[in-house]
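K.L.:
Next come a sequence and a model predicted from it.
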Amino acid sequence: MKVLMVEDNKSVSEMMAMFFQKEGWDVTYAYDGEEAVDKFKKEADDWDIITLDLNLPKKDGMQVAKEIREISEIVPIIMLTARDSDSEQVLGFEMGADDYVTKPFSPITLIARMKAVRRRSSGSNGVSDGNEDGFDVVTENFKMNSGTREAYLNDKLIPDLTPKEFDLLKAMAKKPRQVFTREKLLQEVWDYEYYGDERTVDAHVKKLRSKIEKAGPQVIQTVWGVGYKFDDSEAAK
């Protein structure tokens, strides 16, 4: 993988460099927010994943994430921070983060998180069922193509889906009207345990819904006290 690690603490970068080298990854380091944005812009289409510290000089991590998302909706971002408040994590997800790791962290844990996020974003788990149009999830008014990472509601493209939003939508759309608990979605979509961190799901559902509404009626419904379900039965044109 080609990795951009944005971290102002050089000792953390030096520690991770040994683990990155072992994985054989091509890693570039940025030590402040302005440098991070500049380096990302120069090779915007080439990065496979970004690890982004929040407490950065010159430009903080939230602003960096916002500017990166204005350029690319799909590059995976893992935020690294010593902060552990609910509001900070939710804001991070709303800024476009795919995952959130709290310092101090184990290098092995971060590597595992990076692999999981990258595996999901690459679409390696999505295969066509032979449909001539390539749509491997088709319901009454909705269809998805895991090869092109596109989803359509009433034949209108749902715009700018991030890898995690696409996977979240696919997990529910494959089983219309089935209710998913937040814990179940964490297991299916994030590919590892979040140990009850349900804010992750809620933050992503919020952004996913805003994008669905640009294409048509809302198909992600809240089942109070339980979780969420996909239902496009009332989404006809």
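P.N.:
Cool, the structure landed.

K.L.:
Domains in this structure, by residue range?
P.N.:
The chain breaks down by automatic domain parsing into domains covering 2-121, 137-230.

K.L.:
for this protein, what spans make up the helices?
P.N.:
10-23, 33-42, 61-71, 86-94, 107-121, 163-173, 182-190, 199-212 (DSSP state H).

K.L.:
In terms of pLDDT, where does residue 120 sit?
P.N.:
In this model, residue 120 is scored at 66, pLDDT.

K.L.:
Equivalent analysis for residue 193, please.
P.N.:
57.

K.L.:
same question, the one 4 residues further on
P.N.:
What the model reports for residue 197 is a pLDDT of 68.

K.L.:
Equivalent analysis for the one 4 residues further on, please.
P.N.:
Model confidence at residue 201, given as pLDDT, is 87.

K.L.:
Double-check residue 220 against residue 232; I have them as touching.
P.N.:
No: applying C-beta atoms under 8 Å as the test, residue 220 and residue 232 come out as separate, 9.7 Å apart. The C-beta positions use only the backbone N, C-alpha and C, and glycine is treated the same way.

K.L.:
Looking at those two, which one has more neighbours?
P.N.:
Taking neighbours as other C-beta atoms under 10 Å, residue 220 and residue 232 compare with residue 232 leading, 22 against 19.

K.L.:
OK, contacts around the more buried one?
P.N.:
139-142, 153, 173, 176, 217, 219 (C-beta atoms under 8 Å, 6 or more residues apart in numbering).

K.L.:
Any idea how far apart the tips of stretch 158-166 sit?
P.N.:
10 Å (C-alpha to C-alpha, to the nearest Å).

K.L.:
what does it contact?
P.N.:
Taking C-beta under 8 Å, 6+ apart as the rule, stretch 158-166 contacts 73-74, 76, 96, 98, 117, 120-121, 123, 144, 149-152, 169, 189-190, 204, 207-208, 211-212, 214-215.

K.L.:
Show me what counts as buried in that stretch.
P.N.:
Applying a neighbour-count criterion of 16 or more other C-beta atoms under 10 Å, one finds 158, 161-166 buried in stretch 158-166.

K.L.:
same question, stretch 10-30
P.N.:
12-13, 16-17, 19-20, 25, 27-30.

K.L.:
Can you pick out the most distant pair from these?
P.N.:
19 and 30 (18.1 Å; C-beta to C-beta).

K.L.:
possible to save the buried residues of stretch 158-166 as a markdown table with distance to residue 52?
P.N.:
As requested, those are arranged in a markdown table below (distance: C-beta to C-beta, whole Å):
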| residue | distance to residue 52 |
| --- | --- |
| 158 | 26 |
| 161 | 20 |
| 162 | 15 |
| 163 | 16 |
| 164 | 15 |
| 165 | 18 |
| 166 | 21 |
